[in-house]
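*Asks:* whatever this is, show me its structure:
(one chain, ligands or ions: 1)
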Amino acid sequence: MQKITIAIDGYSSTGKSTIAKQLAKSLGYVYVDTGAMYRAVTLFAMRNGFVGGDRQNFDALVRLLPKIDLQFMFNKALGYSEMYLNGENVEQEIRKLQVSKYVSKIAEIEQVRYKLVEMQRQMGLEKGIVMDGRDIGTVVFPDAELKVFMTASPEARAARRYKELLEKGEAVTYQEVLKNVQERDHIDSHREFSPLMKAVDAIEFDNTDMGLKEQYERLYNYALRVINK
Ligand code: DC
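*Replies:* A predicted model of the protein is given here:
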């Protein structure tokens, strides 16, 4: 069976990664969460004092980019890959709201995008990959055979993310999460380099009122149709 490239883009907290992981598992494909890469660079910037509070020193971050080593390592017990920053497993830390607050700023930096997009293209050379992010169908893999653009109302997305963060024990309010979702939408769609937008040939998928099972079944069927074409 021929292998294809599946690009899943869309707004934050639309459930891209949940669906992408499931698709990759059933197709026997590699799953890559590109948001984790931007988050790991953000964590690096925070730890080095290049971002946080009123601080902002992007030149220093850009100079140190060659020193940032990012690796995905498959965790058999979990059934998916975890993000390692310079050899340290940062999977838990990069999901915190504190990182979400700064990540869109870091993702605006041209040199950061350049480095990460190059790495992502290397990972997809052999196809058989499901990659999720914001610019996968437009910039990373403009020739992907299947492109999906996920949307849902900001309130539905904030409610999902709020529940996740509460379950992880983070002390946040729904309003705080909604504000973060709306701010990230704005920055992600208005930035100069590779803004979030739907590729002309992407399928738009609004899941505001759709359960996970239905989403998975629909997308899995799309994928099979493309693979068997
Ligand atoms: O998917 P996520 O919420 O973990 O992504 C975190 C941030 O990274 C998001 O606000 C925008 C940025 N991002 C990006 O600019 N390009 C990507 N391909 C993936 C994520």
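*Asks:* which strands and helices lie in contact with the helix or strand hosting Ile6?
*Replies:* Here Ile6 sits within strand 5-10, counting by DSSP states H and E. Contact here means 3 or more C-beta pairs under 8 Å, 6 or more residues apart in numbering; DSSP states H and E; on that basis strand 5-10 packs against helix 16-27, strand 129-133, strand 146-151. For every residue, glycine as well, the C-beta is placed using N, CA and C.
*Asks:* please identify which of the ones you listed is closest to the ligand.
*Replies:* strand 129-133 (2.5 Å; C-beta to the nearest ligand atom).
*Asks:* direction included, what does the closest one pair up with?
*Replies:* Its sheet considered, strand 129-133 pairs with strand 5-10 (parallel), strand 30-33 (parallel) by DSSP bridges.
*Asks:* residue nearest the centroid of this structure?
*Replies:* Gly35 (2.9 Å; C-alpha atoms, centre = their mean).
*Asks:* about what we covered before: next, the angle strand 146-151 makes with the strand holding Ile6.
*Replies:* Counting by axes from the mean of the first three to the mean of the last three C-alpha atoms, to 10 degrees, strand 5-10 lies at 10 degrees to strand 146-151.
*Asks:* what are the buried residues along the strand or helix carrying Met73?
*Replies:* For Met73, the enclosing helix or strand under DSSP H and E is strand 70-75. Judged by neighbour count (16 or more other C-beta atoms under 10 Å), strand 70-75 contains these buried residues: Leu70, Phe72.
*Asks:* and if you look at stretch 188-200?
*Replies:* For stretch 188-200, the neighbour count (16+ other C-beta under 10 Å) marks Asp188, Arg191, Ser194, Leu196, Lys198, Ala199 as buried.
*Asks:* and for stretch 144-157?
*Replies:* Those would be Ala144, Glu145, Leu146, Lys147, Val148, Phe149, Met150, Thr151, Ala152, Pro154, Ala156, Arg157, for stretch 144-157 by 16+ other C-beta under 10 Å.
*Asks:* for that stretch, measure first residue to last.
*Replies:* End-to-end distance of stretch 144-157: 26 Å, with C-alpha to C-alpha, to the nearest Å as the criterion.
*Asks:* the helix or strand bottoming out on mean pLDDT in the chain: partners in the sheet, and parallel or antiparallel?
*Replies:* Every helix and strand of the chain was ranked by mean pLDDT, DSSP states H and E. The lowest is strand 55-56, at a mean of 86. Partners of strand 55-56 in the sheet, by DSSP bridges, are strand 51-52 (antiparallel).
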